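K.L.:
Pasting the sequence and the predicted model now:
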Amino acid sequence: MPSAGPQPRESSGEEGRIQLFCWDSRTETWNGPTGLSPSPRASRRLLQALQVTPGQSWYGPVHCGAPGEAPTRFFCLIHALCDCAVAMIYCSDSRTGPVEIVAVIPPELRARLRPDFVFEFVAFARFLGALNEGGALTVHDLMVAAIQGAQFSEALVFSISTGLWPSDQDHVLSCCVEKIALSMLEWVAER
């Protein structure tokens, strides 16, 4: 089990930063925080679809690709909750489960974050088979530390890769996670 925790970072005083934290279930490694830029990978089409959805959940195709490659079709199920949004991303051929589970917490909702948010998110990922017991305990502790160490002006994105996606295509999935997370952050902050 890795013992790595959130990486220390200097405070830049920037408002509106987005910090991404990732768990790779295949290698049982934690990465982050990685700063995301708010606009380049956000999907206007996905955001518009989320904005007109009648309820708090949306399901549909999302086309993502890495620069210089043909887009890959994913399916995404997104739920807006009172304090965050969560998504399950499936590849177009997946019949076994999601390839990525993502939670986003915009800074506007950090004060309302449920005390049991981390437990619930990790338990949900464990229920879906994305985490083993040891990984679940590690991810729980790392997420708690990341939330406690983040500035209240920062948006947080937590991503759990389930290992059901080919590792040689991780860069495509990574682009998709960024695109979906950025759209979700904007959508849930508007609600």
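P.N.:
Yep, that arrived.
K.L.:
Which parts of this structure are helices?
P.N.:
44-51, 117-127, 133-149, 170-190 (DSSP state H).
K.L.:
Including mean neighbour count, could the ones you listed go into a markdown table?
P.N.:
For the C-beta atoms, the positions are set from N, CA and C on the backbone; glycine is no exception. Formatted as a markdown table, these follow (neighbours: other C-beta atoms under 10 Å):
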| stretch | mean neighbour count |
| --- | --- |
| helix 44-51 | 16 |
| helix 117-127 | 18 |
| helix 133-149 | 17 |
| helix 170-190 | 22 |
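K.L.:
So which of the ones you listed is nearest residue 24?
P.N.:
helix 170-190 (8.4 Å; C-beta to C-beta).
K.L.:
Report the mean confidence score over that closest one.
P.N.:
Average pLDDT, helix 170-190: 89.
K.L.:
Same list (the helices of the chain) but as TSV, adding distance to residue 19.
P.N.:
TSV is the format used below for these (distance: least, C-beta to C-beta, whole Å):
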stretch	distance to residue 19
helix 44-51	20
helix 117-127	15
helix 133-149	8
helix 170-190	11
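K.L.:
And those: which comes nearest residue 110?
P.N.:
helix 133-149 (8.3 Å).
K.L.:
Which elements pack onto the closest one?
P.N.:
With contacts taken as 3 or more C-beta pairs under 8 Å, 6 or more residues apart in numbering; DSSP states H and E, helix 133-149 sits against strand 18-24, strand 29-36, helix 117-127, strand 155-161.
K.L.:
List the contacts of that helix.
P.N.:
The contact list for helix 133-149, computed with C-beta atoms under 8 Å, 6 or more residues apart in numbering, reads 1-2, 4-6, 19, 21, 23, 25, 28, 30, 32-33, 105, 113, 118-119, 121-123, 125-126, 131, 156, 158, 160.
K.L.:
relative to strand 29-36, how tilted is it?
P.N.:
30 degrees (axes from the mean of the first three to the mean of the last three C-alpha atoms, to 10 degrees).
K.L.:
how far does helix 133-149 sit from the chain's center?
P.N.:
Relative to its parent chain, helix 133-149 has a centroid offset of 14 Å by C-alpha atoms, centre = their mean, to the nearest Å.
K.L.:
can you pull the contacts of the closest residue to residue 81 other than its chain neighbours?
P.N.:
Sequence neighbours aside, residue 56 is the residue nearest to residue 81 in space, at 7.5 Å (criterion: C-beta to C-beta, 6 or more residues apart in numbering). Taking C-beta under 8 Å, 6+ apart, we find residue 56 in contact with 79-81.
K.L.:
again with residue 69
P.N.:
Counting by C-beta under 8 Å, 6+ apart, residue 69 has contacts residue 172.
K.L.:
Look up the pLDDT of it for me, please.
P.N.:
78.
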